[in-house]
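1. fold the following and give me the result.
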Amino acid sequence: MSAAVKGSRVGYRGTVKATQNFVANQDAEVLYNAMKGIGSDKETIIDLLTSLSNTQRQQVYVSYKTLFGRDLIDDLKYELTGKFERLIIGLMKPPGVYDAKELKDAIEGLGTDENCVIEILASRNNKQIHELTKAYQEVYESDLEADVVGDTSGHFKKMLVVLLQGTREEDDVVSDDLVAQDAKELYEAGELQWGTEESTFISILGNRSHCHLQLVFEEYRNIAGTEIEESLRDELSGDFQKLMLAVVRCARNIPEYLASRLFKAMKGMGTRDNTLIRIMVSRSEVDMLDIREEFRKKYEKSLHSMIRSDTSGVYKRALLRLCGGDDDVAGEFFPEAAQVAYQIWELSATARVELRGTVRPAADFNAEADAKALRKAMKGLGTDEETIINIIPYRSNVQRQQLRKQFKSQLGRDLMADLKSEVGGNLQRVLLGLMMTPAQYDAKQLQKAMKGAGTDERVLIEILTTRTNKEIQDIKEAYQEAYHKSLEDDLSSDTSGHFKRLLICLVQGNREEQDADLNRAMEDAKELCSSSDEESCSMESKFISILCTRSYPHLRRVFQDYIKLTNKDIEQAIKNEMSGDLLFGLIAIVRSIKNKPSFFAERLYKSMKGVGTDDRTLTRILLSRSEIDLMNIRHEFKEMYEDSLYSFIESDTSGDYGKVLLSLCGGED
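-> Numbering: from 1, shown residues only. Here you go, the predicted model:
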């Protein structure tokens with residue numbers, strides 16, 4: 001008869017997938033630039049290497065040497081340190097070479113890391129065993145079996161040698177007679193005998209297929225009245241017992257076994273980082289989704305949340321990228337998570353939130369007096385920055401436009417030109433931005449994102465997915481007026497594929513604005529569900545069409561109905577089905593619909609966390625939202641990160657530039 005291995009699921013179950021539109025030479029150049037000069041851009045290294053498959057990383061490795069005459073792994077070792085270095089170097093090695101290195105480290109020197117040896121040899125299939133033994137021979141010019149034999153002893157050694165042969169049966173056709181015979185022999189070799197006949201356990205557990213063994217374990221329970229694990233604990237001891245229990249657990253469910261290894265690596269005081277890194281690296285393209293599911297079921301918390309609370313810095317960020325998602329968030333696998341997702345969308349659909357800015361019109365505004373004060377501050381030698389920053393950030397945009405006109409009519413000078421000549425750097429950027437109309441400013445940001453070599457897709461996404469129809473129309477007019485060309489034409493020539501289609505749809509500024517149509521919402525949800533069973537082109541087209549044209553209230557109901565139909569949150573579905581810039585664009589739309597201030601709060605946090613500050617993003621969001629919803633963004637920031645936006649800005653910026661940003665922020669929460 002045929003049997004299915006428990007824990008095995010149909011389709012790709014890794015969290016790291018081959019990236020589309022991959023060009024090895026381009027990625028090699030990105031990595032080279034990330035490590036050029038003083039320090040290294042670790043965020044770029046993480047983002048790139050965790051978004052490529054192992055096969056693609058090997059191609060980048062070859063391209064790096066071809067282009068620059070340098071060894072990529074050597075450069076990474078030089079630039080990185082500690083646990084983060086170990087993880088990144090692990091990602092750069094082919095799976096067989098990585099396992100071989102882990103085994104070499106485990107048996108080299110004083111003492112043996114038996115747990116590492118057990119984990120790898122108990123959980124790998126025949127092909128993986130053959131690859132790692134071959135890699136071991138090539139890299140270390142030594143025979144792995146001989147090294148294992150020289151470093152271990154007794155029945156533990158014998159079982160390891162059996163596993164190293166990589167000859168486990170792999171067919172799913174199981175003989176009922178052989179199942180009964182094996183169960184009987186195991187029972188007689190242990191429970192019915194004075195002492196234990198270990199060779200029987202080694203022979204059966206080391207060679208039979210997992211499908212076969214699962215049925216043997218059921219039959220054994222019927223005969224012995226106990227689980228085989230209990231018998232192994234009673235009959236065996238030491239490392240041999242640990243190995244045989246690991247083999248049984250892997251025969252039952254490899255993802256569950258590895259989930260338990262991960263939990264033990266992080267629970268209690270301290271973290272067993274070698275174990276954590278090894279499993280996250282080696283299973284990221286194999287069965288990490290299944291490991292996450294088993295972890296969540298077994299420990300009632302997500303693997304993502306435990307990694308997040310147990311690690312830190314760039315090391316944590318890299319691990320979370322390999323983890324691929326948080327199963328405590330609305331839900332991929334679990335009904336209770338799906339219910340949470342539904343409730344979040346219900347709250348989003350019914351909540352009436354008053355949007356509040358932090359910058360309001362000055363009550364005692366006098367354009368003539370302000371113009372005179374600004375001219376005096378910039379006249380002659382030196383500049384009185386204090387006067388400038390006490391006026392411009394404390395006026396509404398409408399008042400600033402009046403001030404610009406007054407400055408020219410009163411003094412015959414261009415205020416923007418004077419500011420440009422008197423101040424520089426980040427302070428200049430934020431002051432000039434404040435003096436533009438919102439549409440002019442957004443148009444400028446979009447033009448900069450597309451200007452020159454490369455495109456800043458994140459800026460295009462942030463602006464075009466969050467602006468209203470009227471704001472989009474105003475931006476298009478401002479763009480045409482400033483650059484004498486169409487924004488749509490520039491977007492079309494600077495982007496491609498489905499991402500281009502997404503942006504072109506958004507730039508029409510033609511989103512419906514009426515309330516939800518409940519019948520149509522269910523129809524749209526069904527369309528999104530059915531699209532995942534169709535050709536990729538059709539699926540992406542349906543997502544773009546519905547998410548770019550329906551009103552926010554309508555889409556909130558669509559996403560609730562989607563959960564009813566699939567038990568998945570729409571965001572998780574997009575992450576599973578989409579990739580690249582289209583993925584980021586669709587996620588931005590969903591998050592803006594769910595809670596736009598929260599979306600911006602996350603963007604602000606990412607602009608300031610870690611080493612260095614993304615000043616352009618920080619400035620752009622504070623400036624563009626200061627009269628719309630920056631007070632709401634502040635509230636969400638505090639809720640999400642347990643610290644105020646004000647304190648983040650205060651610690652991450654300095655000088656007059658920092659003072660302007662803090663004035664836009666509007667206060668400490």
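2. alpha carbons only for contacts and neighbour counts from here, please
-> Will do.
3. low-confidence stretches in the protein?
-> 1-10, 192-196, 328-338, 532-537 (pLDDT under 70).
4. residue nearest the centroid of it?
-> R321 (4.3 Å; C-alpha atoms, centre = their mean).
5. contact partners for L645?
-> 634, 637-638, 665, 668-669 (C-alpha atoms under 8 Å, 6 or more residues apart in numbering).
6. farthest pair within these?
-> Farthest pair in these (C-alpha to C-alpha) is K638 and C665. Separation: 12.9 Å.
7. and those two? Which one has more around it.
-> C665 (23 against 15; other C-alpha atoms under 10 Å).
8. for that one, give me the backbone phi and psi.
-> phi -60, psi -40 (degrees, to the nearest 10).
9. before we move on, back to that, find the helix or strand that the residue nearest to the centre of the chain is a member of.
-> helix 313-323 (DSSP states H and E).
10. what residues sit buried inside that helix?
-> For helix 313-323, the neighbour count (16 or more other C-alpha atoms under 10 Å) marks 314-323 as buried.
11. contacts only, for the residue nearest to T617 when sequence neighbours are not counted.
-> Leaving aside its sequence neighbours, T617 sits nearest to S607 (C-alpha to C-alpha, 6 or more residues apart in numbering; 6.3 Å). By C-alpha under 8 Å, 6+ apart, S607 lies in contact with 613-615, 617-618.
12. what's the answer for L618, then?
-> 604, 607-608.
13. for it, which three-state class applies?
-> helix (DSSP: H, G, I helix; E, B strand; the rest coil).
14. how close does it get to K448?
-> As judged by C-alpha to C-alpha, to the nearest Å, L618 and K448 stand 16 Å apart.
15. quick check: closest non-adjacent residue to S538.
-> S531 is the one closest to S538 (C-alpha to C-alpha, 6+ apart), at 6.7 Å.
16. contact partners for the one you found?
-> So S531 contacts 538-540, 542 (C-alpha under 8 Å, 6+ apart).
17. does the closest residue to T465 other than its chain neighbours count as helix, strand or coil?
-> Nearest-residue entry for T465: I589, 5.5 Å, with adjacent residues in sequence omitted and distances by C-alpha to C-alpha, 6+ apart. Secondary structure, three-state DSSP: I589 is helix.
18. just to revisit the earlier point, got the contact list for the residue nearest to the centre of the chain?
-> T50.
19. repeat that for G382.
-> By C-alpha under 8 Å, 6+ apart, the neighbours of G382 are E422.
20. try I475
-> 439-440, 442-443.
21. one more time with 6 Å
-> Residues near I475 by C-alpha atoms under 6 Å, 6 or more residues apart in numbering: 439, 443.
22. phi, psi for it please.
-> Given degrees, to the nearest 10, the pair of backbone angles that I475 has is phi -60, psi -40.
23. V173 too?
-> The phi/psi pair for V173 (degrees, to the nearest 10) is phi -90, psi 120.
24. next one: S153
-> S153 adopts backbone torsions of phi -150, psi 170, taken as degrees, to the nearest 10.
25. report how many residues lie close to it.
-> Counted with other C-alpha under 10 Å, residues neighbouring S153 total 13.
26. all the helices of the stretch 101-250 of the chain, residue numbers only.
-> Ranges of helices in the stretch 101-250 of the chain, per DSSP state H, counting those that start in this stretch, are 114-123, 126-140, 144-151, 154-164, 176-189, 198-207, 210-224, 228-235, 238-266.
27. I meant to write the stretch 351-500 of the chain there.
-> Going by DSSP H, counting those that start in this stretch, the stretch 351-500 of the chain shows helices at 367-378, 385-391, 397-411, 415-422, 425-435, 438-450, 457-464, 469-483, 487-494, 497-507.
28. mind listing what's buried in the fourth one?
-> Spelled out, it's helix 415-422. Of all the residues in helix 415-422, those buried under the rule 16+ other C-alpha under 10 Å are 415-416, 419-420, 422.
29. pull it out as CSV, backbone CA atoms only.
-> Listed next in CSV are the C-alpha coordinates belonging to helix 415-422 (Å, rounded to 0.1, in the frame of the first residue of the first chain):
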residue,chain,number,x,y,z
LEU,A,415,13.0,83.2,-1.2
MET,A,416,13.8,79.7,-2.4
ALA,A,417,17.0,80.9,-4.2
ASP,A,418,18.1,82.9,-1.1
LEU,A,419,17.6,79.8,1.2
LYS,A,420,19.5,77.7,-1.3
SER,A,421,22.5,80.0,-1.2
GLU,A,422,22.5,80.5,2.6
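30. next, the angle helix 425-435 makes with it.
-> 180 degrees (axes from the mean of the first three to the mean of the last three C-alpha atoms, to 10 degrees).
31. contacts for helix 415-422 next, please.
-> By C-alpha under 6 Å, 6+ apart, the residues outside helix 415-422 that reach it are R404.
32. now with 8 Å, please.
-> 378, 382-383, 404, 407-408, 428, 431-432, 435.
33. just the element for the closest residue to T466 other than its chain neighbours, please.
-> Excluding the flanking residues, the one nearest T466 by C-alpha to C-alpha, 6+ apart is S592, at 6.3 Å. Using DSSP H and E, the element containing S592 is helix 580-608.
34. list the buried residues of that helix.
-> 581-594, 596-601, 603-605, 607-608.
35. same thing with stretch 91-109?
-> 91-104, 106-107.
36. using PDB, write out every CA atom in that stretch.
-> The C-alpha trace of stretch 91-109 is given here as PDB (Å, rounded to 0.1, in the frame of the first residue of the first chain):
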ATOM      1  CA  LEU A  91      24.300  31.400   3.300                       C
ATOM      2  CA  MET A  92      27.100  31.700   0.800                       C
ATOM      3  CA  LYS A  93      28.000  28.100   0.900                       C
ATOM      4  CA  PRO A  94      26.300  25.400  -1.200                       C
ATOM      5  CA  PRO A  95      24.100  23.200   1.100                       C
ATOM      6  CA  GLY A  96      26.400  20.200   1.000                       C
ATOM      7  CA  VAL A  97      29.500  22.300   1.700                       C
ATOM      8  CA  TYR A  98      27.700  24.000   4.600                       C
ATOM      9  CA  ASP A  99      26.600  20.700   6.200                       C
ATOM     10  CA  ALA A 100      30.200  19.400   5.700                       C
ATOM     11  CA  LYS A 101      31.600  22.500   7.500                       C
ATOM     12  CA  GLU A 102      29.200  22.000  10.400                       C
ATOM     13  CA  LEU A 103      30.100  18.400  10.800                       C
ATOM     14  CA  LYS A 104      33.800  19.200  10.500                       C
ATOM     15  CA  ASP A 105      33.500  21.800  13.300                       C
ATOM     16  CA  ALA A 106      31.500  19.300  15.400                       C
ATOM     17  CA  ILE A 107      34.100  16.500  15.300                       C
ATOM     18  CA  GLU A 108      37.300  18.600  15.100                       C
ATOM     19  CA  GLY A 109      39.500  19.300  18.100                       C
END
